[in-house]
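Participant: Would you be able to build a 3D model of this:
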Amino acid sequence: MLQQRSFVSPLCAAYELASASDKLSLAGRREAGTHARRRRSITRRGELDIDTKPAKTVARKMILMSREITAKLPEVTGKPAAEVTRLRCATCHRGVAIPKLLPDILTEAVNKSGAVAAVQQYRDLRKQYYGGQSYDFSENALVPVALQLTNANKPDDALALLQLNAELNPNSVPTYGGMAQAYLKKNDKENAVRNFEKVISIDPNNQQAKRQLEQLKNGK
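Facilitator: A predicted model of the protein is given here:
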């Protein structure tokens with residue numbers, strides 16, 4: 001007995017094939033959409049985690065503050081907005097994470113760890129940042145810090161910074177003048193005289209150093 005075969009027209013076969021393909025395509029699109037939503041969800045959560053970090057919060061506030069200051073500069077300076085320097089992060093940071101002036105860094109180091117640590121920190125910063133705009137490494141940068149230390153009755157700490165400055169700037173008149181004042185604070189007249197004489201040898205017209213040297217030699 002012959003088995004009867006079902007006949008499927010080419011048109012029906014094509015329709016069934018297309019229908020199956022559509023179902024697979026729809027399933028693929030659904031799966032892809034699910035993965036995309038998951039990725040967006042993860043991204044949103046990641047962004048939220050980052051945005052709530054304290055550092056990001058501070059950064060946003062600092063950026064907002066810089067914009068507010070920039071907006072007020074024309075009124076304060078009396079200049080057109082186009083001529084006012086725009087305040088940016090780099091204006092203060094100058095390539096460092098925490099924008100501090102070098103004198104403040106050294107004063108803090110002296111108070112916390114002593115003059116030896118401050119001198120080493122200065123050397124490290126100079127090695128890393130010298131030639132840039134992050135810190136002021138000019139010959140007069142250390143002198144005000146040293147004078148403050150002398151006035152605070154810390155002449156030895158002052159001398160440590162001034163000796164470093166003399167090493168780097170051997171012809172710095174303010175440095176030797178500061179050293180003379182530090183030695184006077186220690187009642188070391190001999191070294192005070194020596195440093196005033198050094199000042200005069202570099203700057204023969206320095207009248208203040210001449211007067212102080214004369215007073216020391218005359219015992220006044």
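Participant: all contacts plus neighbour counts: C-alpha atoms, from now on.
Facilitator: OK.
Participant: State the three-state secondary structure for L125.
Facilitator: Under DSSP: H, G, I helix; E, B strand; the rest coil, L125 falls in the helix class.
Participant: What does the pLDDT read for it?
Facilitator: Looking at L125, its pLDDT reads 95.
Participant: Give me the number of neighbouring residues for it.
Facilitator: Residues near L125, counting by other Cα atoms under 10 Å, number 15.
Participant: what's the spacing between it and L162?
Facilitator: 17 Å (Cα to Cα, to the nearest Å).
Participant: Okay, now the unreliable bits of the protein?
Facilitator: 1-52, 55, 59, 84, 86-95, 97-98, 220 (pLDDT under 70).
Participant: How is this protein partitioned into domains?
Facilitator: By the assignment in automatic domain parsing, the chain contains the domains 54-92, 94-217.
Participant: looking at the ones you listed, which is buried most?
Facilitator: Highest mean neighbour count among those (mean count of other Cα atoms under 10 Å): domain 94-217, with a mean of 17.
Participant: pretty sure N191 is touching A182, no?
Facilitator: No - using Cα atoms under 8 Å, N191 makes no contact with A182, being 9.5 Å away.
Participant: how about G178, what does it touch?
Facilitator: Neighbour list for G178: V143, A146, L147, L162 [criterion: Cα atoms under 8 Å, 6 or more residues apart in numbering].
Participant: Equivalent analysis for V143, please.
Facilitator: Per Cα under 8 Å, 6+ apart, neighbours of V143: L161, L162, P174, T175, G178.
Participant: and of those, the nearest to L216?
Facilitator: G178 (15.6 Å; Cα to Cα).
Participant: circling back: what's the closest of the contacts of V143 to K72?
Facilitator: P174 (38.5 Å).
Participant: From A182, how far off is the closest one?
Facilitator: For P174, the distance to A182 - Cα to Cα - is 12 Å.
Participant: returning to what we had before: which pair in the contacts of V143 has the greatest spatial separation?
Facilitator: The most distant members of those, if one measures by Cα to Cα, are L161 and P174, lying 12.5 Å apart.
Participant: tell me the SS of T85?
Facilitator: coil.
Participant: ok, and the closest non-adjacent residue to it?
Facilitator: T70 (7.8 Å; Cα to Cα, 6 or more residues apart in numbering).
Participant: and the next element down the chain from the helix or strand hosting Y122?
Facilitator: Using DSSP states H and E, Y122 falls within helix 115-129. As assigned by DSSP H and E, the chain's next helix or strand after helix 115-129 is helix 142-151.
Participant: just the angle between that following helix and helix 115-129, please?
Facilitator: Relative orientation of helix 142-151 with respect to helix 115-129: 170 degrees, computed using axes from the mean of the first three to the mean of the last three Cα atoms, to 10 degrees.
Participant: Tell me how far L161 lies from V145.
Facilitator: From L161 to V145 the distance is 8 Å (Cα to Cα).
Participant: Oops, could you answer that again for V173 instead?
Facilitator: 16 Å.
Participant: V76 now?
Facilitator: In this view, V76 and V145 are 31 Å apart by Cα to Cα.
Participant: What of F196?
Facilitator: 20 Å.
Participant: Kindly report the same for A71.
Facilitator: 35 Å.
Participant: same thing with L162?
Facilitator: Counting by Cα to Cα - L162 and V145 are separated by 9 Å.
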